[in-house]
Structures are given as structure tokens and as C-alpha cells.
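Engineer: everything below, folded, please.
(4 chains)
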Protein chains: 2
Amino acid sequence: MGETKEDALSAEAASTKGAERRRVSSETVVEELVELIRTRVFRPGDRLREQELAERFGVSRGPVREALRILEAKALVRIEPMRGASVASLTDEEALETVEISSVLFGLGVRKAVGKTTPDMIAKFRERVARLHELCDMEFSARSFYKETVRLGVDIFNVSASARFESLVADIRLGAPDIFGPLGFTTLELRETATRKWSGMVDAIEAGDDEEAVSLAHQVYQDSLKAAFKVLG
Amino acid sequence: MGETKEDALSAEAASTKGAERRRVSSETVVEELVELIRTRVFRPGDRLREQELAERFGVSRGPVREALRILEAKALVRIEPMRGASVASLTDEEALETVEISSVLFGLGVRKAVGKTTPDMIAKFRERVARLHELCDMEFSARSFYKETVRLGVDIFNVSASARFESLVADIRLGAPDIFGPLGFTTLELRETATRKWSGMVDAIEAGDDEEAVSLAHQVYQDSLKAAFKVLG
DNA sequence: GCGCTTAGAATTGTCTACAATCTTGTCTGC
DNA sequence: GCAGACAAGATTGTAGACAATTCTAAGCGC
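Structural biologist: Next up, the predicted model:
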């Protein structure tokens, strides 16, 4: 699984702002810790000792404490007073709920995008849909396909969502490991249905049909979830 | 405006868990800072100097820094490296967006509640609806009325939402000053309409009609928002 | 007067030290 | 062998000191 930061699709948006922000070590600690949690080097329930992390990252305990508090606020880490931090673990219900939350928030993002797209944007969306078409037929493309749908989703989302809204969704996505994602596209039929719906979503957005666009947005989440559950049993 | 902590409806849920959690000073700093921001002692844009806060709360800068990082993660505070923290300010669009987000999340909460209520819960909801009825006719009851709707909303939400979901919504509510709330109930007609819809929502939840329940949930938000905008111009 | 430079103060970033608390392993008495 | 007490080590919570950076304002040339 040699996947690195490139994989963190959700982080893409928030990166380059304008002037080069000076970096503070708690920021890098946050990023590295997120990566370690995302890649399951640290697994749910694992304790995160301050001194140990400080040594690993080459800083003192201060920045580590700040980073842990940040990650607790984002629900990635759990902290108990005088007992320390550990990687947060989600119950199955909470993981499902996270997907539900993502779904309605994405639906809102789509609704807000309707009526605010330029032809350029629509063209870009169509390019991504075309890429989905290509990926449909390829074998073992579940992961690439999934990642492309996320990119398209982010693009649509960015039409109208504020940076605040973006980072909220990014945080929520972070909270749940995206195991559901690729599992939703394991068969040709699933990929074809999804492509059709994403394509329809873009059409609806262009046509100004917000109800249809939102409905399809919810559907792609539900379809993918249903398929994932089928795989998992 | 002699309102104190009692006013923080959203915090109600997360308070007493089980065993008495040991308190850490960064927690109290967070709480006190939230209160100071909520009550507009510190206003959007105001700088939050670490030393100053440390002295005010009688702690050292360490806990203050942790608290500020937590509040930044919750989007209540903005931090620029080497330049310090300030109270976050929302544009009008962001404030509106926050209400939209709350609306769809509440809608999801309602949908999840359908089919999971006990008769006890429904009875409790009906009590709150009855209280809304009473508050309808009273003059200058906009604020009390609003607060009662929030309580009812929280009750419904709690039927099925995880603690994680609850605190997410609480954080989002915190982010936007709830100026919109009471403004949505300034006339008798608005209060009557709202009462009717909340009552219908409870009925729909009891009847298992999730579409109707969610539709009404979205409506009460939209109605209140529309009325608030009319007042504000 | 206006813009630039530059010292000094103010503020944030980080580290180290120490106190408070928890954890672990051992010992005792039965 | 086992439950509980106790001591030693580990870990977190907090404070204070120093370094790095930014802000402020006075001084200078024009």
C-alpha cells in the first residue's frame, strides 16, 4: 500500500491559500499524525504518548499537546484528563452515520452549486465524467474510480461552498476511514450506474434542476453504501 | 441581557456523562472563552492575546494556547502563525450557510429518529409542543418560543444521533451567533405556523412518515430564516 | 509633510523543569 | 494462590524562561 499524501483528496482544497503561511510545528505534527492515523500506523484505540510523539517528530511536548487537542476537536483523537490521548474508534453505527452526514452535506453543496456554474465548470465536470466512463470498463479500477468520483464531488462542492464549509466536510471525511468508498464500485454494473448518475447530476446542475441534482447526489452515496454493505455482509 | 450559561442550550446535552471527569484548565479556558465570545464580550475580529487571557483566567500560557487551538479547530477563532489569535468573523453568506448546514443536519437527525421513538419520547415532545402553544399568544415571547423550539429539536435529535453527531451540530451552532433564531418568531402568525409544523413533525415521527417529518424539519428552518431576513431587510 | 530605516517593546513559538496523577509490579498477610 | 497495600516508574498538567518574529514609533533624509 505505497500510498502517500497524494491520496489525501480531501486535503487538496485547503492547501495553497495565497501568501506562504509560516508554518508552526503543531501544524506539521497535526499533518503527520493525521497521516499516521489515516494509514493505520496508529490504529483506533492506540495510545498516543506525548513524549513518544515528541521524539518521533523532533519537537517538544508543547506542540504535540496542541496537535492532540486540535485532533480531539476534529474527533480523530480521544483525550481523557490525566490519562492521555488515543486514536478515536468509531462504532459501526457511527461510521454509517458519518457517511449519512457526508451525504446530506454533499447534497447541500450540490444544491448550492445549482445556478452558479459557468460553462467552464460544466466542461470540467464533463471531463471528469468522461474519465469515469473510461474507468468503468477497466478491471481493478474500483479505487481509481472512487477517487475520481471524489474529485468530481469536490469540484462540484467548490462551486459554491465557503472555505469553512469545505474544511468542515474534509474534517468529517477524515473522521471515518473511507473503506466504504472503493467497495461501492467493485462491479462493472455498479460503476456504470454510478457514472450514469454522476453524469445526470452534472446535467441537472447545468439545467438548473436542483431537486434532481440533489436526489442524484443522495443516490450515489446510498448506492455506494448499499454495495459496500453487500460486500462486507 | 442578563443571560448566563443557562442560555447555552446546545451545551446542555454534552454535560453530564457518567463518572465525574477530572477537569483540566484548558477545558475551563475553552468554556470561558466560548462564553465570552458568545456574549460578545470579545467580538469578531478582536485579538486574543495569550498573556492577557492567561492572566484573566489565572493560568499560564500553555493551557491558553491549547484552548485557542481547540477553538480554531471548531472555527470559533482564527489563528495566524506568529501573529496570534482573533475571534472568527463570518460573512453574511457564511452565516446563512451555517443555518443551511444546521438545517440539513437537523433533517438527518429527524430522519434517523423516525421509527426509533418510544411512547415516552413522543409524550415528552407533545409536552414541548403544548408549551409552544402557550407561548404563541404571549407578547414578547419570541425568545422563549425560540428556545423552546431548540429544546424540542434537541430532544428529537437525541433520539438517534450519536454523541459525535450531537457535538458536531453543537459546534456548528456555536460558530454562528443565533441572531436568526428569535427573529423568526416575532409575530403571532409566525409562531402559530411554527407550532403547527413542529406539531406535525412530531405526528409524522410517531406515524413513521419520515419524508413528511424531514420536510417539516427543513420548513421550520426555512420559514424562520425567511422571517428573520424580512426583519433585517 | 512624507516615506524609509531602525531600535525597542510586545507577542508568539518552543523548550525545559517540576508537580500532580496514574500505572505497574512487588510484597505482605491470609 | 489471591486480594489488597505500597513503592517506584511512567505519563500528563502546568509554569516559567528564552528565542524568533512582528508590531510600534521615533528618527532621518528629502
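Engineer: can you pull the contacts of A:Leu188?
Structural biologist: Contact analysis of A:Leu188 by C-beta atoms under 8 Å, 6 or more residues apart in numbering or on different chains lists A:Cys136, A:Asp137. The C-beta positions use only the backbone N, C-alpha and C, and glycine is treated the same way.
Engineer: so what does it have for phi and psi?
Structural biologist: Main-chain dihedrals, A:Leu188, degrees, to the nearest 10: phi -60, psi -40.
Engineer: what does A:Glu80 give?
Structural biologist: Note on A:Glu80: its backbone torsions stand at phi -110, psi 130 [degrees, to the nearest 10].
Engineer: bridging residues for it?
Structural biologist: Counting by DSSP bridges, A:Glu80 is bridged to A:Gly84.
Engineer: burial of it, as a residue count?
Structural biologist: Using other C-beta atoms under 10 Å in any protein chain shown, A:Glu80 has 11 other residues around it.
Engineer: got a list of contacts for stretch A:158-176?
Structural biologist: With C-beta under 8 Å, 6+ apart as the criterion, stretch A:158-176 contacts A:10-11, A:13-14, A:34, A:38, A:74-76, A:88, A:90, A:94-95, A:98-99, A:101-102, A:105-106, A:109, A:112-113, A:116-117, A:121, A:157, B:75, B:90-91, B:93-94, B:97-98, B:101, B:164, B:168, B:172, B:175.
Engineer: could you export that stretch as CSV, CA atoms only?
Structural biologist: Presented in CSV, the C-alpha positions along stretch A:158-176 are these (Å, rounded to 0.1, in the frame of the first residue of the first chain):
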residue,chain,number,x,y,z
ASN,A,158,-16.2,24.1,-4.6
VAL,A,159,-18.6,25.9,-6.9
SER,A,160,-20.4,27.5,-4.0
ALA,A,161,-19.3,26.2,-0.7
SER,A,162,-17.3,28.5,1.6
ALA,A,163,-13.8,27.5,2.8
ARG,A,164,-15.4,27.0,6.2
PHE,A,165,-17.9,24.5,4.7
GLU,A,166,-15.2,22.8,2.8
SER,A,167,-13.0,22.2,5.8
LEU,A,168,-16.0,21.0,7.8
VAL,A,169,-16.7,18.3,5.2
ALA,A,170,-13.0,17.5,5.0
ASP,A,171,-12.8,17.0,8.7
ILE,A,172,-15.9,14.8,8.7
ARG,A,173,-14.5,12.7,5.9
LEU,A,174,-11.2,12.4,7.9
GLY,A,175,-13.1,11.1,10.9
ALA,A,176,-14.2,7.9,9.1
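Engineer: give me the buried positions along that stretch.
Structural biologist: By neighbour count on 16 or more other C-beta atoms under 10 Å in any protein chain shown, the buried set for stretch A:158-176 is A:158-162, A:164-176.
Engineer: test my guess that A:Arg131 contacts A:Glu148.
Structural biologist: Yes. Counting by C-beta atoms under 8 Å, A:Arg131 touches A:Glu148, with 5.5 Å between them.
Engineer: so for these two, which residue has more residues nearby?
Structural biologist: The residue with more neighbours, out of A:Arg131 and A:Glu148, is A:Glu148; 21 against 17, by other C-beta under 10 Å.
Engineer: element containing that one, please.
Structural biologist: Per DSSP states H and E, A:Glu148 falls inside helix A:142-158.
Engineer: for that helix, the averaged confidence score.
Structural biologist: Taken as a whole, helix A:142-158 has a mean pLDDT of 93.
Engineer: nearest residue to A:Leu132 in space, please, no chain neighbours.
Structural biologist: A:Thr195 (4.6 Å; C-beta to C-beta, 6 or more residues apart in numbering or on different chains).
Engineer: what sits against that neighbour?
Structural biologist: With C-beta under 8 Å, 6+ apart, A:Thr195 has these contacts: A:Val129, A:Leu132, A:His133, A:Cys136.
Engineer: what about the first one, how many neighbours?
Structural biologist: Right, A:Val129. 20.
Engineer: in what helix or strand does it lie?
Structural biologist: Per DSSP H and E, A:Val129 falls inside helix A:119-137.
Engineer: can you tell me the centre-most residue of chain A?
Structural biologist: Among the residues of chain A, the one closest to the centroid is A:Arg173, at 4.0 Å (C-alpha atoms, centre = their mean).
Engineer: and that one, how far is that from A:Thr28?
Structural biologist: According to C-beta to C-beta, to the nearest Å, A:Arg173 and A:Thr28 sit 21 Å apart.
Engineer: in chain A, which residue sits nearest chain B?
Structural biologist: As assessed by C-beta to the nearest C-beta, chain B sits closest to A:Ala73 within chain A, at 3.5 Å.
Engineer: near DNA strand C, anything from stretch A:68-80?
Structural biologist: No. For a cut-off given as C-beta under 7 Å from any atom of the strand, stretch A:68-80 has no contacts with DNA strand C; the smallest distance is 8.2 Å.
Engineer: contact partners of that stretch?
Structural biologist: The contact list for stretch A:68-80 (C-beta under 8 Å, 6+ apart) reads A:26, A:30, A:33-34, A:37, A:48, A:50, A:53, A:85-88, A:171, A:174-175, B:21, B:26, B:66, B:69-70, B:72-74, B:164, B:167-168.
Engineer: so which of the residues you listed reach DNA strand D?
Structural biologist: Contacts with DNA strand D within those, counted by C-beta under 7 Å from any atom of the strand: A:Leu48, A:Glu50, A:Ala85, B:Ser26.
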